[in-house]
Structures are given as structure tokens and as C-alpha cells.
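Asker: Show me how the following folds:
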Amino acid sequence: MAVISCPNCKKKISDKAKACSHCGLSLQALDRDKIASLNHASRINQAQRLMNYSFIAMLLFCGGFLFMFWDNVEQGTWQHSLAMASTVVGFILYLVIRVRLLLFKRQK
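Answerer: All right, here's what the predicted structure looks like:
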């Protein structure tokens, strides 16, 4: 008996199981084309999730940057500190997520 990953939810299940105990996918009706289709859909969903995270990080960066310069926030106030933190965190998250997306797309 071997442990395999479910083609739908990617959780570990027995190769003898007739259905996934986590998502309920029937493993008996699956052929190679259906498994390939499920894997392709899973990759698309994961890439889209990374793109959404990238967009949120960019909004955080731009929001902090615009708040700092649009309102003419004075240095040393809590608003300036919050705007700087938002800008720095958003920029770092954006870079990290874009690198993750690049590595994900290179992985086949």
C-alpha cells in the first residue's frame, strides 16, 4: 500500500482508496486525461491566488505611499510611521510574491 496525493485537493491518501476522504473525489472514474485536467486547473488556481496576493501587496504599497505624500503627513507622527510601514511592507511582500510566482511558473 502506497500513499499518493489526491489529484483534486493534493492531500495524502491511500492508493487503494476508492474515493478521497478529504474532498470526496471518486478515484475509480479517473483516467489520465481527467487527472491532467485537474492538475492543470489546480495550477491555474494557484497562479491566480499568487497574482491576487501580488495585487494586494501593490495596493498596500501604493496606499501607504499616497497617504504619506497626499496628506502632507509630518515626520514623527503616527500617521507618517503607519504610512512608511505600509509602504515598506507592501514593497517587500510584492517582491517576495513576484519571486514566488516566477519560481512557480518555471516549475512544470
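Asker: make it CA atoms for all contacts and neighbour counts henceforth
Answerer: Noted.
Asker: Isn't L93 up against F55?
Answerer: No: between L93 and F55 there is no contact under Cα atoms under 8 Å: 10.2 Å.
Asker: and these two? which has more neighbours close in?
Answerer: L93 (19 against 15; other Cα atoms under 10 Å).
Asker: tell me which element the more buried one falls in.
Answerer: helix 78-106 (DSSP states H and E).
Asker: you'd agree L101 is up against Q46?
Answerer: No: taking contacts as Cα under 8 Å, L101 lies outside contact range of Q46: 9.3 Å.
Asker: These two: who's more crowded?
Answerer: The residue with more neighbours, out of L101 and Q46, is L101; 19 against 14, by other Cα under 10 Å.
Asker: need the contact list for that one.
Answerer: Taking Cα atoms under 8 Å, 6 or more residues apart in numbering as the criterion, L101 is in contact with A47, L50, M51.
Asker: Alright, I will stop here.
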